[in-house]
Each structure stands twice: as structure tokens, then as C-alpha cells.
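Visitor: Just a sequence and a predicted model for now, questions to come.
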Number of protein chains: 2
Amino acid sequence: MPIVDVHTHIYPPTYVDLLRSRKTAPYIRTFPDAPDSPRLIILPGEDDPSTPSTSRGRPIGPEYFDMAQKIAFMDQHKIDTSVISLANPWLDFLSAEEAGEVARRINGDVEKICAAYPGRLYAFGTLPLSADMETIVGEVKRLGGMKYMRGVIIGTSGLGKGLDDEALDPVYAALEESGQLIFLHPHYGLPASVYGPRASEYGHVLPLALGFPLETTIAVARMLLSGVWDRFKKLNVLLAHSGGTLPFLAGRIESCIQHDGYLKKLGKTKNRRHVWDILKTNIYLDAVIYSEVGLKAAVDASGADRLLFAGTDHPFFPPLEEAKEWHSVSTNYSAISKAFEGDGDLARGVLGGNAVRILRLGE
Amino acid sequence: MPIVDVHTHIYPPTYVDLLRSRKTAPYIRTFPDAPDSPRLIILPGEDDPSTPSTSRGRPIGPEYFDMAQKIAFMDQHKIDTSVISLANPWLDFLSAEEAGEVARRINGDVEKICAAYPGRLYAFGTLPLSADMETIVGEVKRLGGMKYMRGVIIGTSGLGKGLDDEALDPVYAALEESGQLIFLHPHYGLPASVYGPRASEYGHVLPLALGFPLETTIAVARMLLSGVWDRFKKLNVLLAHSGGTLPFLAGRIESCIQHDGYLKKLGKTKNRRHVWDILKTNIYLDAVIYSEVGLKAAVDASGADRLLFAGTDHPFFPPLEEAKEWHSVSTNYSAISKAFEGDGDLARGVLGGNAVRILRLGE
């Protein structure tokens, strides 16, 4: 059974050029004191000079855009197939005029990259969400006809008002109809104020460790509450980072809905699909959770047959010291091996079998 | 073995009078169209008239302040002993001048309430955190001498700058020295903007189901990152709602610390106590999580001997329909019974044995 990584990002040439041409986040720049060390600045507020711990973003090297390095990374970590996706913030920042054309170009780039490594690479495409609806839906349909595309990666902002915006219904309908899944990934995090006055002393830890997972959880909860899965019963969503915090908080979400006086008055506490039903029917979880405790909760919530390795998040979280294997990857491998001790079939499913079946790899 | 509830709130007479005397949150008020139905408005921004779904807070009746009703609720749900605590937002909103005196009065009220039901009630005290440090530490010491007090309940704001504020060290030192634990409970949630433009359609669900647990998790992560437990190795903290999201995200927090370039440059990725160590040494979790999935993750993270039932959160989350048992309570009972199927000793520990041992009940 192959090992498949469904959470692994790329910066295709068109995207790198775009980021190099910009002067505000997201962008690639150098600083006068280190003209040979380009830095990638992507997170909202990351380039705030008053927070020196994070204002220079992160080093960006060929591991971000050189596919030979991606393949070497896969070989080194025993990964047979990667389902690559554009990294955040995708095309969210583009104007309505340029988004459609850039999306077509990047999706074309990515399809060609996959074709150059047959069997090793598949991809999630990118949507021009700032464009008009016809352009967006057109790109969904175009992606549906591409050989290596298996869905789309999107953030939590949708058309700008979040994923509970009913204006997104034509996109959901087109994705459902063409059997493409959504890979839902965070980017915007939470407002900096929630981390308090000392946040900049802690580097990127609080926004990445807590802001990202909560952003994902809020987005899914809003989809749930607005009835997206009541309207689109076959819409499938792969949640980054094992669902953010959804497996742990699903019970609390259900209880808060059941006990909400306002929802009851509207008749919305009943006659709806429950979070546990959706977790086991429409949601897939990756395995980027870095602990056996988290992985087991993800399995308990959605089922071992719905969990997909995604152990890497490559090229992010590289080792800080010279190391043969990436510690971030081995932590996720180890969590799977411990969680399924004695049940090789389930482990093999999570490592690759589920992805092959769910994403129809090899077809 | 008794059943002990460690997460159950009260509104003693002094506090009810205080809330009735106020005109901004937190307060108790009536509306002209329902002069006989007082409403409790406590959450930040809750009384915003532009969000009609939540602007009237919640009904408040004698279940909030009549101890006979608390005892009847306990009897009905087979709870032998409750460790009661003032509800959020405690005394956070008081001026420096009044906080000390109000805290003394309320802690005195609560001690008397416990004395009136010997063996049935213990309590976590309240700190006047807006007062000067001498007053705060004085109240910690006074609570340490009271027969029924077993620690203090606090929110996440501390002296106003969060729990990673080094100015809190004298409070942590006094609590550690007197062997009183902190019951850490959320109140402030997250800024309303994170829930998007449709949030008011969803009643209280998003702030309660997601904002509360994330607030707790951010607070604990900030304590961890600022080295509170490196300085106070015996400081014990009971986390509300099974740790917010800490059990699920502990691995991601650890990984983000280990991979942070800025923390590494400061030498802070090593020579520190890890989150898993602190989870198993300094942290206790309640069992207010409403699912078997969440409960198991809490047990896996901190150990079955550190989990405390707290299944109620009474008087919050009452049933919306006439019901003999509170559904919110039976959901938590059921999660414990399923998670420990076949291991009665562990279940009895969570239901009461752990609380008796950890909080020295009966002494």
C-alpha cells in the first residue's frame, strides 16, 4: 500500500513571480542587511515592524518552488504520492480583474508539474474567489476535467464574508456535482489582540498553534450552522490539521446548539444534520496533529477510514538544526504508528489507502 | 465513592445585589415588555441591540441564587458534593477601591453557605484582581485559612494583561505556598469579528462553543510560554471545559515551539518544561466536554487520575423543554460511562474519587 501525503504545499513559478512583485503581505522580499536571503512574509500583520520576532516572516529557498526538492523530500520520508496544493493565502488578495487569469495560469502550471511525475503527484486546484461567480464556477468545471486535479484548496474567507455566505452556493453546487472535494485550510488566524501584550516574545507559536486551528473550526461551525450540508448533502471537505479543534469540540458545539434558546425559537435545534453525522459523512481529516492524543480523537470523531496522512505540511516546519528526517514529519508518523499499534490495516489506510480510495488516485 | 461536581456556579446575595445595581454588562435587568422576567447579561458585547438573538442575555431565576435549588439539583442528579464557585466575570469589573471589600464579603457569604450544608458544599474563592497586590495576596492568605475553601476561580485577564503577566508572580507564589489551586475559567471569548457577519443568526453558539474553549487554551499557552510553571513548579490549575482545546492541540503547541526560529535564537526551545509534563503534573481537567471523543482525549492527555467530574456547569445550559434530568449533565455522565466501560475504578475516580483526593474533601 502506498504512502500518500495530502497536505503538502507548493509555490509554482507564476506564484513566486507574483509574490516577488508585491510590496505588502503576501510577498517575498530581502532586507538590506541580508540581500542574499529572501524572506517569505505571508501572515496578516506579520510584517508589523513593532513585532521583531515575526516581522521578517521565514526564509524561503528552493524547497518552496523546486519540484526536484519536493520529490527528494518525498523519497527521504518514504512518501510515494503527494497531492500538492498552492500555499496560503492562495489568490485571496487578487483583484476581481486579475484573479481569473492568474488562477487559470497557476492551475495549468500545477497540472503540468503533476504530469511531469506521473503517479507521484496529484493536486488540489486554486479558485479565483475574488472574481465574478461565472469565472469561479467556470474554473471549478475546468479543474473537474483535468487529469491530476482532485479538488480545490480554499481558505476561510470565501468571497470575503466567510464560508457561511449563501452566495457561495453555486460554487458548492459545482464542486458537489463534479465530485471534487474542498481542502479547507486556515490563513487569517485570529486578531492579534487575543494573544496579549507579550505575544511577540513567543515568535509564531500562538497564531500558528492556536489561531490556525480555531480559524478552521469557526469556519466549519459556520458552514454547519448555516446549513451548507443540509443543502449539499454530498459536499466533501478535507479539514487541515485534523479538523483544527473540531473532533475535541464537536460535543460542545452540539450541546450549545441543543441548548440555545434563540435557535430553538427559530425551530433550528431540530430538523438539521448533527455534527457527528457530518463528521462521518462529509468531512475528512488530515493527520497533521503531532500527537497520539490528537490523532486518536480525530479517528474517534470521523472514523479511521476518513483520516488521511498528511503528515508533512511541507515545506513549512523545517528542522531548525541539520537533520536527516524532518522532526515534524516523524512526529506525525509516530502518532499514527502508536495510535494503531497492532492494527496494520487501519494504519495503512491512514498512511495511503484512504487517500487512494477517496481521491481515486491511479485513475 | 461519592460523586463530586467541581464545576458549578453560584450567585451569592451580595453579587446579585451588585449586578442588579448596574446598568452595563455584567448586570441583571428587565425589559418593559416583560417586567417580571429578569434577564442576566454577562458576556462582553452581549447587550448590543444590533444582535437581537443574544442582546437579552438569558433568563435568571432562583436556580442562580437559591441554595435550596442547588441542593435539589444535586440530589436529582445524584451529586453528593459540589465545589461551588462564583460565576464569570467574577469581580473583574470592579474598581481598585471597591474590589477588596466586595471580595471579602462574597468569600465570607460563600464560606457560610458551605457551612450550612456540611459535607455537601466546598468552594473556590474569588480574588479582587483589580485591587492592589497587597489586597489580592491578603485575600489568598485569608482564603487559605477558611474551612471550606479549596482554591480560587479566576478568569483569563489576570491584572488586566493576561496570565503571562509577571506582576502576577506574588499571587502565584501565595497560591502555591498555601496549596490552593486555580480554577481557570473563560469569560471574554474572542472578538465578535471572528464569527463573521451572520454570527447573530446563530444565537450564543459560536462564542460559547468555540470562543470560550479557545480563550482558555490561549491563556494556558501564554502561562506555559512565559515560564509560569518553570518558576512555580507546584502551582496547580484546574482547567474548565476539559482544558478548552489543550488536550487536542498540545502536540501542535509543542511542535510549534520546537520549530520556532525566534524562540530557538533566544535559547527557549530547550531547557523548559514541556506541555505534556505540565499536563501530567500541574494541570487538572474537568469533564465538561459533552462527548466520549473529547473525554478520552482529556484522559489521554492528563491521565484518568487528573480528571474531575464537573459534569454540570449548573445553572447554565438548562434544558429548554420540561425535563426531569438536565440533558447537559446526562451527556457528560454518559461520556464518562462510555469512555471507561469495564473499568469502574477509573470511572469512580473521575466521578468523585479524584476530587476527594486532590481537593482534600472531608478534611
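Guide: Arrived safely, thanks for sending. Numbers count the residues shown, from 1 in each chain, chains lettered A, B, ... in the order given.

Visitor: Report the buried residues of the one helix or strand A:Ile113 maps to.
Guide: In the assignment (DSSP states H and E), A:Ile113 maps to helix A:96-116. Going by neighbour count (16 or more other Cβ atoms under 10 Å in any protein chain shown), the buried part of helix A:96-116 is A:Ala99, A:Gly100, A:Val102, A:Ala103, A:Arg104, A:Ile106, A:Asn107, A:Asp109, A:Val110, A:Glu111, A:Ile113, A:Cys114. The C-beta positions use only the backbone N, C-alpha and C, and glycine is treated the same way.

Visitor: now these as JSON lines including distance to B:Ser50?
Guide: Output for those, formatted as JSON lines (distance: Cβ to Cβ, whole Å):
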{"residue": "A:Ala99", "distance to B:Ser50": "32"}
{"residue": "A:Gly100", "distance to B:Ser50": "36"}
{"residue": "A:Val102", "distance to B:Ser50": "37"}
{"residue": "A:Ala103", "distance to B:Ser50": "36"}
{"residue": "A:Arg104", "distance to B:Ser50": "41"}
{"residue": "A:Ile106", "distance to B:Ser50": "40"}
{"residue": "A:Asn107", "distance to B:Ser50": "41"}
{"residue": "A:Asp109", "distance to B:Ser50": "45"}
{"residue": "A:Val110", "distance to B:Ser50": "44"}
{"residue": "A:Glu111", "distance to B:Ser50": "47"}
{"residue": "A:Ile113", "distance to B:Ser50": "48"}
{"residue": "A:Cys114", "distance to B:Ser50": "48"}
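
Visitor: Nearest to chain B among these?
Guide: The nearest member of the buried residues of helix A:96-116 to chain B, counting by Cβ to the nearest Cβ, is A:Ala99 at 21.4 Å.

Visitor: Can you name the residues that contact the spatially closest residue to that closest one that is not a sequence neighbour?
Guide: Nearest-residue entry for A:Ala99: A:Pro128, 3.5 Å, with adjacent residues in sequence omitted and distances by Cβ to Cβ, 6 or more residues apart in numbering or on different chains. Applying Cβ atoms under 8 Å, 6 or more residues apart in numbering or on different chains to A:Pro128 gives the contacts A:Leu91, A:Leu94, A:Ala99, A:Gly100, A:Val102, A:Ala103, A:Thr135, A:Ile136, A:Glu139.

Visitor: on that earlier part again, right, and the helix or strand after the helix holding A:Ile113?
Guide: For helix A:96-116, the following helix or strand on the C-terminal side (DSSP H and E) is strand A:121-126.

Visitor: In a strand, A:Arg150, correct?
Guide: Yes: looking at A:Arg150 with DSSP: H, G, I helix; E, B strand; the rest coil, it is inside a strand.

Visitor: Tell me how many other residues surround the residue nearest to it when sequence neighbours are not counted.
Guide: By the measure of Cβ to Cβ, 6+ apart, the closest residue to A:Arg150 outside its immediate chain neighbours is A:Leu359, 4.6 Å from it. Look at A:Leu359: counted by other Cβ atoms under 10 Å in any protein chain shown, it has 22 neighbours.

Visitor: Pretty sure A:Leu359 sits against A:Thr81.
Guide: No: if you go by Cβ atoms under 8 Å, A:Leu359 and A:Thr81 don't touch, sitting 9.4 Å apart.

Visitor: which neighbours do these two share?
Guide: Jointly contacting A:Leu359 and A:Thr81 under the rule Cβ under 8 Å, 6+ apart are A:Val4, A:Tyr122.

Visitor: what sits against A:Ser12?
Guide: Slight slip there: residue A:12 is Pro, not Ser. Contacts for A:Pro12 (Cβ under 8 Å, 6+ apart) come out as A:Phe65, A:Leu86, A:Ile106, A:Asp109, A:Val110, A:Ile113.

Visitor: ok now do A:Asp165, which residues does it touch?
Guide: When contacts are counted by Cβ under 8 Å, 6+ apart, A:Asp165 touches A:Gly158, A:Leu159, B:Arg198.

Visitor: mind redoing it with 10 Å?
Guide: A:Ser157, A:Gly158, A:Leu159, A:Val171, A:Arg222, A:Ser226, A:Val228, B:Gly196, B:Pro197, B:Arg198 (Cβ atoms under 10 Å, 6 or more residues apart in numbering or on different chains).

Visitor: Around chain B, pick out the residues from the stretch 1-150 of chain A.
Guide: Counting by Cβ under 10 Å from any Cβ of the partner chain, the residues of the stretch 1-150 of chain A lying close to chain B are A:Thr51, A:Pro52, A:Ser53, A:Thr54, A:Arg56, A:Arg58, A:Pro59.
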